[in-house]
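**Q** test case, fold it:
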Amino acid sequence: MAEPAPRWRSKRWRMADGAGTDMGPSRVIPIRLTPCDVPRYGPRPAAARGTPNGYMVLRRGVRPGPPPGERAVLHLRVIAPPDQSSAVVDLLGGDPGVTHLVVLPGAARLPRGDLVLCDVVRERADAILHDLQRLGVEAHGGIAADDVELTLSAAADRAAKEVPGSGADAVVWDEVAAKTGEQTELSATYLVLIVVATMIAGIGVLLDQPILIVGAMVVGPEFGPLAALCVALLRRRPAIIGRSVQALAVGFLAAMLATVLSTWALTAAGLVNRGMLLADRPLTDFIWRPDALSWVVGLLAGVAGMLSLTSKKSGSLVGVLISVTTVPAAANVAVAVAYGVWQEAAGSALQLVINLCAIVLSGLATLAVQQLSWWRLSRRFRRRTARADGAGR
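**A** Numbers count the residues shown, from 1 in each chain. Purely as a prediction, here's the structure:
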């Protein structure tokens, strides 16, 4: 009786000795498909064609690779002037963190030069960009970097193993500076967002509604200038420091003024009144009662915010926005001023100052620690590479 045709599992390895273990000499592993994976009589996977009875032969040391896209790489596009092209190619080709190097002589037209393409693991991206700028490539050429969402390459896997650190934790300082620098612009969109957020928070204060407070925290755009201020202080960029402070000062002043006017308008319409502010508000009175925990929350939020900004874990940034009491404090100041409740206005202003200072201090400290740790990793990597080059000679 003929053996039934095997059905194939195309997505997952099933190893007799467990996934990821050294299998020793050649082993024969049956790879079968469940009915939901592919059609019953579909073609065999290419890796199993020609193997006896639908079995796949795995050799010693062959293990399944990481899931697709797990390697964090940057795609670099460099336009190198003709007199610098060889130096650029030597620099990129000699770094173990660089892969998929492509050189197109004379391909660039504006500016003229050679087009050099490559992928760089994030752990080495900052050092590579620094070395390219040290060569002066950007003066007469250009450097562009893009995040690569999917990389299916054994060469990229090898490059990631050659360099120290984790791609998820790697900091590309030029990328961070570009990301935060654009958020210091005092644009109409920024002003509208911070005004709307503060007005929403003002209504939430009067109604003692935490949901409105949380919504206002998410809408508020103030973390962008705060992050830019931290980066500019670390990298000593006076121009960006000035723009960040200007965006924060003008934004909060405009938002509080608009909230005062909106509170008067809502009071005239009979929708809110002074008694709502003076009433017992157990869910939102923490806004104008700062204490030591205000410092703790602000410091922790600054750490989390900087980590989410400098790494690829940007999903946690929303939680950071919700945890800090900046927009609600500004709203409470405005509502209290509108009704002449000066004690609440003073307490809310102090809460606002505490949160702003705590975020900047902890954010700056976080960036400094990251810079120091990656500097030490880079120095260790350079020493190891120098020893390897010396041994090779």
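
**Q** where does the stretch 101-250 of the chain have low pLDDT?
**A** Residue ranges of the stretch 101-250 of the chain with pLDDT under 70: 165, 167-168.

**Q** mind listing the strands for it?
**A** Along the stretch 101-250 of the chain, counting by DSSP state E, counting those that start in this stretch, strands occupy 112-121, 142-148.

**Q** may I see the buried residues of the last one?
**A** Within strand 142-148, the residues scored as buried using 16 or more other C-beta atoms under 10 Å are 142-143, 145, 148. In this view, the C-beta of every residue, glycine as well, is placed from N, C-alpha and C.

**Q** kindly reformat the strands of the stretch 101-250 of the chain as CSV containing distance to Phe252.
**A** Listed next are the strands of the stretch 101-250 of the chain as CSV, based on distance: least, C-beta to C-beta, whole Å:
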stretch, distance to Phe252
strand 112-121, 40
strand 142-148, 33
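
**Q** can you map out the helices along the protein?
**A** Secondary structure of the chain (DSSP state H): helices at 85-93, 122-135, 137-140, 154-162, 173-181, 188-207, 210-219, 223-235, 238-268, 274-278, 292-310, 317-323, 327-339, 342-392.

**Q** by contact count, what packs against the shortest one?
**A** Helices and strands in packing contact with helix 137-140 are listed as strand 73-80; criterion 3 or more C-beta pairs under 8 Å, 6 or more residues apart in numbering; DSSP states H and E.

**Q** and the strand it packs on, which residues are buried?
**A** Applying 16+ other C-beta under 10 Å to strand 73-80 flags 73-74, 76, 78-80 as buried.

**Q** next one: stretch 129-143
**A** For stretch 129-143, burial by neighbour count (16+ other C-beta under 10 Å) applies to 129, 131-132, 135, 137, 141-143.

**Q** same question, stretch 233-243
**A** Residues of stretch 233-243 classed as buried: 233-234, 237, 240-241, 243 (neighbour count, 16+ other C-beta under 10 Å).

**Q** over to stretch 94-112?
**A** 95-101, 103, 108.

**Q** now stretch 110-123
**A** By neighbour count with 16+ other C-beta under 10 Å, stretch 110-123 contains the buried residues 113-116, 118-123.

**Q** equivalent analysis for stretch 211-231, please.
**A** For stretch 211-231, a neighbour-count test (16+ other C-beta under 10 Å) marks 212-213, 215-217, 219-231 as buried.

**Q** go on, stretch 173-189?
**A** Neighbour counts using 16+ other C-beta under 10 Å place 173, 175-177, 179-181, 183-184 of stretch 173-189 among the buried residues.

**Q** and that stretch, how far from the chain's centre?
**A** 14 Å (C-alpha atoms, centre = their mean, to the nearest Å).

**Q** got it, and stretch 131-151?
**A** Distance, centroid of stretch 131-151 to centroid of chain: 19 Å (C-alpha atoms, centre = their mean).

**Q** who's in contact with that stretch?
**A** With C-beta atoms under 8 Å, 6 or more residues apart in numbering as the contact definition, stretch 131-151 has outside contacts at 68-69, 71-81, 84, 87-88, 91, 108, 111, 113, 119, 125, 129, 172, 174-175.

**Q** let me know the closest of the buried residues of strand 73-80 to Gly302.
**A** Using C-beta to C-beta, Leu74 comes nearest to Gly302 of the buried residues of strand 73-80, at 26.5 Å.

**Q** and that closest one, what is it in contact with?
**A** Counting by C-beta under 8 Å, 6+ apart, Leu74 touches 119-120, 122, 125, 145-148, 172.

**Q** ok, 7 Å please
**A** For Leu74, the contact set (C-beta atoms under 7 Å, 6 or more residues apart in numbering) comprises 120, 122, 125, 145-148.

**Q** just Met217 next, same as before
**A** Going by C-beta under 7 Å, 6+ apart, the list of residues near Met217 reads 321-322, 327-328.

**Q** once you drop chain neighbours, what's closest to it?
**A** Ranked by C-beta to C-beta, 6 or more residues apart in numbering and with sequence neighbours excluded, the top spatial neighbour of Met217 is Ile322, at 4.9 Å.

**Q** number of nearby residues for the one you found?
**A** Residues lying near Ile322 (other C-beta atoms under 10 Å) number 15.

**Q** do I have it right that it meets Ala216?
**A** No - at 9.9 Å, Ile322 does not count as touching Ala216 under the criterion of C-beta atoms under 7 Å.

**Q** who's Leu77 bridged to?
**A** No, residue 77 isn't Leu; it's Arg. Taking DSSP bridges as the rule, Arg77 bridges to Leu117, Ala144.

**Q** let me know the pLDDT of it.
**A** Note on Arg77: pLDDT of 94.

**Q** distance of it relative to Ala87?
**A** 17 Å (C-beta to C-beta, to the nearest Å).

**Q** identify the residues contacting the residue nearest to Met217.
**A** Here Ile322 is in contact with 214, 217-218 (C-beta under 7 Å, 6+ apart).

**Q** can you list those in JSON lines and add distance to Val341?
**A** JSON lines is the format used below for those (distance: C-beta to C-beta, whole Å):
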{"residue": "Val214", "distance to Val341": "23"}
{"residue": "Met217", "distance to Val341": "22"}
{"residue": "Val218", "distance to Val341": "27"}
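
**Q** any idea which of these is closest to Trp342?
**A** Met217 (25.0 Å).

**Q** any idea how far the closest one is from Thr326?
**A** 8 Å.

**Q** with Ala292 instead?
**A** 18 Å.

**Q** compare these two (neighbour count), which wins?
**A** Thr326 (29 against 8).

**Q** which parts of stretch 299-315 are buried?
**A** 299-311.

**Q** tell me the two of the contacts of Leu74 that are most distant?
**A** Arg122 and Asp146 (12.2 Å).

**Q** what residues does Pro105 make contact with?
**A** Neighbouring residues of Pro105 by C-beta under 7 Å, 6+ apart: Asp114.

**Q** equivalent analysis for Ser153, please.
**A** 99-100.

**Q** now Gln84
**A** Contacts of Gln84 by C-beta under 7 Å, 6+ apart are 135, 137.

**Q** got a list of what the closest residue to Leu248 other than its chain neighbours touches?
**A** Distances taken as C-beta to C-beta, 6+ apart place Pro225 nearest to Leu248, at 5.0 Å, with adjacent residues excluded. Pro225 sits next to 183-184, 244, 247-248 when contact means C-beta under 7 Å, 6+ apart.
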